[in-house]
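Novice: fold the following.
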Amino acid sequence: MKTVRTAGLAAAGKKEGGASLMTWVNSETGPKTTHFWGPIANWGFVIAGLNDTLTKEPDTISPKMTGVLCMYSALFMRFAWVISPRNYILFACHVSNECVQLNQMRRWATWRYAQDPEQDPVLQIQESGKDK
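Specialist: Modelled structure (predicted):
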């Protein structure tokens, strides 16, 4: 008798789990909305930044574009927090992107300020312009 009762409780739990999954699927933040797929697409920025960190040299980093991506992620972190309902997936995506882009900026700055001005033609032009 005890095993029949336990099996009945397990079946009821499965029905509730399936119902809660369908509730989420059909909710205003579920996978049928841009509230879900927009942040999923934004993870591409994070993946690309991580790939650049692992495979690219710091001299290929654009500080202007990296700065723009930092501002973009900072603005959208705030957006994800203030909208109703809060979009935690978007927030997590932009926190991650902010970290990746700040690391890229750090890599570029470390490389740039370690350069010898006498061997770098760009720095020579900048230095000659300061004398005038």
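Novice: in terms of pLDDT, where does C99 sit?
Specialist: Reading off the confidence values, C99 has pLDDT 97.
Novice: longest helix in this protein, by residue count?
Specialist: Assignment by DSSP state H gives helix 88-113 as the longest helix of the chain.
Novice: buried residues in that helix, which are they?
Specialist: Applying a neighbour-count criterion of 16 or more other CB atoms under 10 Å, one finds 89-94, 96-98, 100-101, 104-105, 107-108 buried in helix 88-113. For the C-beta atoms, the positions are set from N, CA and C on the backbone; glycine is no exception.
Novice: packing partners of that helix?
Specialist: Judged by 3 or more CB pairs under 8 Å, 6 or more residues apart in numbering; DSSP states H and E, the packing partners of helix 88-113 are helix 34-55, helix 63-82.
Novice: tell me the angle the shortest one makes with helix 34-55.
Specialist: Here helix 63-82 points in a direction 150 degrees away from that of helix 34-55 (axes from the mean of the first three to the mean of the last three CA atoms, to 10 degrees).
Novice: can I get helix 63-82 as PDB, trimmed to CA atoms?
Specialist: Taking C-alpha atoms only, helix 63-82 is exported to PDB below (Å, rounded to 0.1, in the frame of the first residue of the first chain):
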ATOM      1  CA  PRO A  63      40.400  51.300 -27.600                       C
ATOM      2  CA  LYS A  64      37.600  53.300 -29.100                       C
ATOM      3  CA  MET A  65      35.400  50.300 -29.900                       C
ATOM      4  CA  THR A  66      36.200  48.700 -26.500                       C
ATOM      5  CA  GLY A  67      35.200  51.900 -24.800                       C
ATOM      6  CA  VAL A  68      31.900  52.000 -26.800                       C
ATOM      7  CA  LEU A  69      31.200  48.400 -25.800                       C
ATOM      8  CA  CYS A  70      31.900  49.200 -22.200                       C
ATOM      9  CA  MET A  71      29.400  52.100 -22.300                       C
ATOM     10  CA  TYR A  72      26.900  50.000 -24.200                       C
ATOM     11  CA  SER A  73      27.000  47.200 -21.500                       C
ATOM     12  CA  ALA A  74      26.800  49.700 -18.700                       C
ATOM     13  CA  LEU A  75      23.700  51.300 -20.100                       C
ATOM     14  CA  PHE A  76      22.000  48.000 -20.800                       C
ATOM     15  CA  MET A  77      22.800  46.700 -17.300                       C
ATOM     16  CA  ARG A  78      20.800  49.600 -16.000                       C
ATOM     17  CA  PHE A  79      18.000  49.000 -18.500                       C
ATOM     18  CA  ALA A  80      17.800  45.300 -17.600                       C
ATOM     19  CA  TRP A  81      17.500  46.200 -13.900                       C
ATOM     20  CA  VAL A  82      14.900  48.900 -14.200                       C
END
